[in-house]
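Chemist: Build me a model from this:
(chains A and B, ligands or ions: 2)
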Amino acid sequence: MSTLRKIVIVGATSAMAEHCARLWLQQGVEEMVLIGRDAQRVDRVVADLRVRAPQCLIQTIISDFLQPEAIARTVEQACTAVSPDIVLLAHGSLPEQAVCQQDLQHNRVALEVNAISPVLFAEAFASRLEQVGQGKLVLIGSVAGDRGRKSNYVYGAAKGLVTRYAQGLQHRFAGSRIQVVLVKPGPTDTPMTAHLKSSGTKLASVEQVASNIVSGVAGGKTVIYAPAKWQLIMLIIRHLPRVIFNKLDI
Amino acid sequence: MKVYSWGRLSGEHHAVNMLGSTSNLPPLAEGPRALPHGMGRSYGDSCLNPQGTLWKTTALDHYVSFDPASGLLVCEAGILLRDIQRTFIPRGWILPVTPGTQLVTVGGAIANDVHGKNHHVHGSFGDHVRQLRLLRTDGSVIECGPAQNTDWFAATVGGLGLTGVITQACLQLRPVAGPWMETETCPYYTLDDFFQLADASEAQWEHTVSWIDCMSGSRSRGIFMRGNHAAADIRQPEPGAKALTVPLVPPVSLINPLSLRPFNAAYFHAQAQKSGRRIQHYAGYFYPLDNLLEWNRIYGPRGFYQYQSVVPRQVGQEAVAAMLKEITRAGAGSFLAVLKTFGNRQAAGMMSFPQPGVTLALDFPNKGAQTLALFERLDAIVREAGGRLYMAKDARMPRDLFEAGYPRLAEFLNYRDPGLSSALSRRLIGY
Ligand SMILES: Cc1cc2nc3c(=O)[nH]c(=O)nc-3n(C[C@H](O)[C@H](O)[C@H](O)COP(=O)(O)OP(=O)(O)OC[C@H]3O[C@@H](n4cnc5c(N)ncnc54)[C@H](O)[C@@H]3O)c2cc1C
Ligand SMILES: NC(=O)c1ccc[n+]([C@@H]2O[C@H](COP(=O)([O-])OP(=O)(O)OC[C@H]3O[C@@H](n4cnc5c(N)ncnc54)[C@H](OP(=O)(O)O)[C@@H]3O)[C@@H](O)[C@H]2O)c1
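Modeler: Ligands and ions are numbered 1, 2, ... in the order given. Model prediction:
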């Protein structure tokens, strides 16, 4: 395992990101920069992490997540504060598919938050990592990005864009000391899926998913299905013939 | 979705809302109102609200602050005791009181004012809460503690989630040298022996508890276990979570009384042979079943009851003997049977369970009418002895026993949050 000292997290208030941060702190991370959009929510996370690991120096940046200039400035500020060993891009939101179909403005916001915003952050961080010649850039996609489905193709398409973007970055940095990692979580018990939980959908625990992410990143994986069983499930779903797939109510 | 409590007696539909914020609650829906819900480690119906809403607190899992000089920890109420133990024991601080599982939330531990094996030294969980923040369904916030709004504090400690949602608490941790315990196991062969061991141990040992063979009839044999926190100079590798040895656990067949008798005998003799002193890791000592996830399923689809009573010491021995006699005669009970004494102290909460005396806790597979009939006979003994039953374990106690056991009920009702209700509150209080 490479030494792991400095970490930047975008969307630091995400439950998945928080649990990754807790695990990384247990492994002795020295400095973190946490980026979020709401100072109060970020403060809550920082207070928690400071109690867990008083020795770690934690800084925060509050940023707009959609404006390209703000993103560029935030990335610049973060990388001036620390030269990261790992950058985790974790923000996202699960839109209601039906509303996206009715309301194009809603649809557009969903695409921006889940696709445009993360890849702009990724692009900006990629240049900074390139300058120092090392680091891991971790993007969170989703199993939903593996094949479009009627129940959530707006979100799925956004995650699909993140997937292609990550592939492109992986190609660009092949053979270098910069690694781009794409995480594809299955349905996980976080605030994002609260409504699914109450309808009884089976969700993985966020602790388990975070631990898959942290160990996958440390182990040098480039694609992490979390939990791992989703790799096989999605292999099958991606390859289902269309006649069969179209009959599925998913 | 279907929600079960630990006893798995019923799996009824609930709307489950994850609380995401400590500053506001979701709007109340129509119907049987809402109820805060932690890890659902209560056995009976105190954590259930069938056809109504549960507000699950486990995402309120943030620390707020810790003062390494005083050991005061401020945290949100959904945090697990396990998280606190793992974070702070390596730094020399430990929760003064924890129950037999650490997979419970701080809010749940307060709302049942839970006890551990060290009641005679440290009382119950509520004795170490310095402050708590209560969020009511009308949006108001009440800060209370042993020195502020003391009436609200006394109502909320042991208050079964009915006075509001505890969002945050300040806990006094206590210094500890490390993760190791010095323990001693002593077999006993009569209840007399048990009480003598318990009395003799109180001065020297912080933690005392005993396993009792509920099949042993009037001879009442068991294994007395006592422990102290060990000094710092033990250098042993800590067991990984999976490497902990799981103690003997009944396979499915043990629920059958025919196999329970020989199993208990075998367990007794195995433990009696191992009697003596040793060094144990705190997790294995305090929470022996926590590495066996979902062990509650072994009782099968009908689930199980736990019956936990406390009776005053003066009549304790006769009452315990009488209960054991009924249980042996019914051929009921299970491997999980615990007998321990409580110290001579008053709990912080109006509705707290612990009171001076001796407490007996046993699991019973649910066999319908025959199990309930046995409980009625046990109730009679508890009632006669002037004791009470533990609501964290209860799914069936009669109202008169509840009212007799909890004389501060009328006072408590003044502090109820009208937006909150549970299956237990409707069963025992009527709303
Ligand atoms: C294996 C095992 C061993 C046990 N050993 C012991 C023991 O030794 N001693 C002991 O005392 N108990 C023991 N218990 C019982 C357990 O400690 C209690 O039932 C505890 O309250 C469960 O906590 P929870 O987080 O699961 O809460 P739940 O069971 O989910 O809820 C319990 C009550 O707390 C309320 N509540 C939960 N969170 C909040 C909140 N934030 N604000 C207000 N109210 C809230 C609920 O409404 C409910 O009334 C044991 C249980 C098990 C499964
Ligand atoms: N949970 C799942 O089942 C699941 C499955 C597959 C993939 N994922 C992905 O995993 C990542 C983490 O999600 P999570 O499950 O941890 O969810 P979460 O706890 O709900 O966190 C969502 C995060 O996204 C941020 N966010 C939401 N909308 C935003 C917006 N418009 N602009 C900027 N930030 C916004 C939130 O910030 P605020 O705190 O400020 O709101 C928060 O940090 C996301 O990329 C998600 O798509 C989740």
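Chemist: switch to C-alpha atoms for all contacts and neighbour counts from now on
Modeler: Will do.
Chemist: how about the residues of chain A near ligand 2?
Modeler: With Cα under 6 Å from any ligand atom as the criterion, chain A meets ligand 2 at residues A:11-16, A:36-38, A:41, A:65, A:90-93, A:113, A:140-142, A:185-193.
Chemist: If we use 5 Å, what do you get?
Modeler: A:11, A:13-16, A:90-93, A:142, A:185-188, A:190-192 (Cα under 5 Å from any ligand atom).
Chemist: which parts of stretch B:415-431 are buried?
Modeler: Across stretch B:415-431, burial judged by 16 or more other Cα atoms under 10 Å in any protein chain shown covers B:415-417, B:419-425, B:427-428.
Chemist: in the stretch 101-250 of chain B, which spans are helices?
Modeler: For the stretch 101-250 of chain B, the helices defined by DSSP state H, counting those that start in this stretch occupy B:106-111, B:119-122, B:150-156, B:191-202.
Chemist: In TSV, list the ones you listed along with mean neighbour count.
Modeler: Below are those laid out as TSV (neighbours: other Cα atoms under 10 Å in any protein chain shown):
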stretch	mean neighbour count
helix B:106-111	29
helix B:119-122	20
helix B:150-156	24
helix B:191-202	17
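Chemist: Of all these, which one comes closest to B:Y287?
Modeler: Taking Cα to Cα, helix B:106-111 is the member of those nearest to B:Y287, at 14.9 Å.
Chemist: Now do that closest one: distance to the chain's middle.
Modeler: For helix B:106-111, the gap between its own C-alpha mean and the chain's C-alpha mean amounts to 10 Å (Cα atoms, centre = their mean, to the nearest Å).
Chemist: can you tell me if it touches chain A.
Modeler: No - applying Cα under 8 Å from any Cα of the partner chain, one finds helix B:106-111 out of contact with chain A, separated by at least 15.5 Å.
Chemist: Find the nearest non-adjacent residue to B:V106, please.
Modeler: Closest residue in space to B:V106, ignoring its immediate chain neighbours: B:A77 at 5.0 Å, by Cα to Cα, 6 or more residues apart in numbering or on different chains.
Chemist: Tell me the pLDDT of the nearest residue to A:R22 once chain neighbours are set aside.
Modeler: With Cα to Cα, 6+ apart as the criterion, A:R22 has its nearest non-adjacent residue at 6.8 Å, and that residue is A:L49. With respect to pLDDT, A:L49 scores 98.
Chemist: any idea which element A:L49 lies in?
Modeler: With elements delineated by DSSP states H and E, A:L49 resides in helix A:39-52, which encompasses its position.
Chemist: Compute the distance from the centre of whichever helix or strand comes after that helix to the centre of its chain.
Modeler: Taking DSSP H and E as the definition, the helix or strand that follows helix A:39-52 towards the C-terminus is strand A:57-62. Between the mean C-alpha point of strand A:57-62 and the mean C-alpha point of its chain there is a distance of 18 Å (Cα atoms, centre = their mean).
Chemist: One more: stretch A:146-166?
Modeler: Distance of stretch A:146-166 from the chain centroid (Cα atoms, centre = their mean) equals 14 Å.
Chemist: got it, and stretch B:308-321?
Modeler: For stretch B:308-321, the distance to the chain centre is 18 Å (Cα atoms, centre = their mean).
Chemist: ok, residues contacting it?
Modeler: B:191-192, B:218, B:220, B:354-362, B:381-382, B:385-390, B:393-394 (Cα atoms under 8 Å, 6 or more residues apart in numbering or on different chains).
Chemist: Mind doing that once more with 7 Å?
Modeler: Judged by Cα atoms under 7 Å, 6 or more residues apart in numbering or on different chains, the contacts made with stretch B:308-321 from elsewhere in the structure are B:191, B:218, B:356-362, B:381-382, B:385-390, B:393.
Chemist: cool, stretch B:68-76 as well?
Modeler: Against stretch B:68-76 from outside (Cα under 7 Å, 6+ apart): B:60-67, B:93, B:167-174.
Chemist: out of those residues, who's near ligand 2?
Modeler: The subset of the contacts of stretch B:68-76 within reach of ligand 2, by Cα under 5 Å from any ligand atom, is empty.
Chemist: contacting residues around the longest helix seen in chain A?
Modeler: Of all segments of type helix in chain A, defined using DSSP state H, the longest is helix A:153-172. Contacts to helix A:153-172, defined as Cα under 7 Å, 6+ apart, come from residues A:94-95, A:97, A:110-111, A:114-115, A:119, A:141-142, A:144-146, A:148, A:179-180, A:182.
Chemist: can you give me the strands in chain A?
Modeler: Assigned by DSSP state E, chain A shows strands spanning A:6-10, A:31-36, A:57-62, A:86-89, A:135-140, A:178-185, A:223-226.
Chemist: mind putting these in CSV, mean neighbour count and mean pLDDT included?
Modeler: Output for those, formatted as CSV (neighbours: other Cα atoms under 10 Å in any protein chain shown; pLDDT from 0 to 100):
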stretch, mean neighbour count, mean pLDDT
strand A:6-10, 26, 98
strand A:31-36, 24, 98
strand A:57-62, 16, 98
strand A:86-89, 25, 98
strand A:135-140, 25, 98
strand A:178-185, 26, 98
strand A:223-226, 24, 97
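Chemist: With distance to B:L81 as new columns, can the ones you listed be given to me in JSON lines?
Modeler: Formatted as JSON lines, the entries for these read as follows, by distance: least, Cα to Cα, whole Å:
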{"stretch": "strand A:6-10", "distance to B:L81": "27"}
{"stretch": "strand A:31-36", "distance to B:L81": "26"}
{"stretch": "strand A:57-62", "distance to B:L81": "25"}
{"stretch": "strand A:86-89", "distance to B:L81": "29"}
{"stretch": "strand A:135-140", "distance to B:L81": "30"}
{"stretch": "strand A:178-185", "distance to B:L81": "28"}
{"stretch": "strand A:223-226", "distance to B:L81": "26"}
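Chemist: Between those, which one is closest to B:A15.
Modeler: When the strands of chain A are compared for distance to B:A15 using Cα to Cα, the nearest one is strand A:178-185, at 25.1 Å.
Chemist: residues in contact with A:T13?
Modeler: A:T13 sits next to A:36, A:41-42, A:45 when contact means Cα under 7 Å, 6+ apart.
Chemist: Also B:I223?
Modeler: For B:I223, the contacting residues are B:185-188, B:210-212, B:268, by Cα under 7 Å, 6+ apart.
Chemist: does chain B sit close to stretch A:198-209?
Modeler: Yes - contact between stretch A:198-209 and chain B is present through A:198-200 (criterion: Cα under 7 Å from any Cα of the partner chain).
Chemist: ok, so of those residues, who is nearest ligand 1?
Modeler: Distance from ligand 1 was checked for each of the residues of stretch A:198-209 next to chain B by Cα to the nearest ligand atom. The minimum falls on A:S198, at 16.0 Å.
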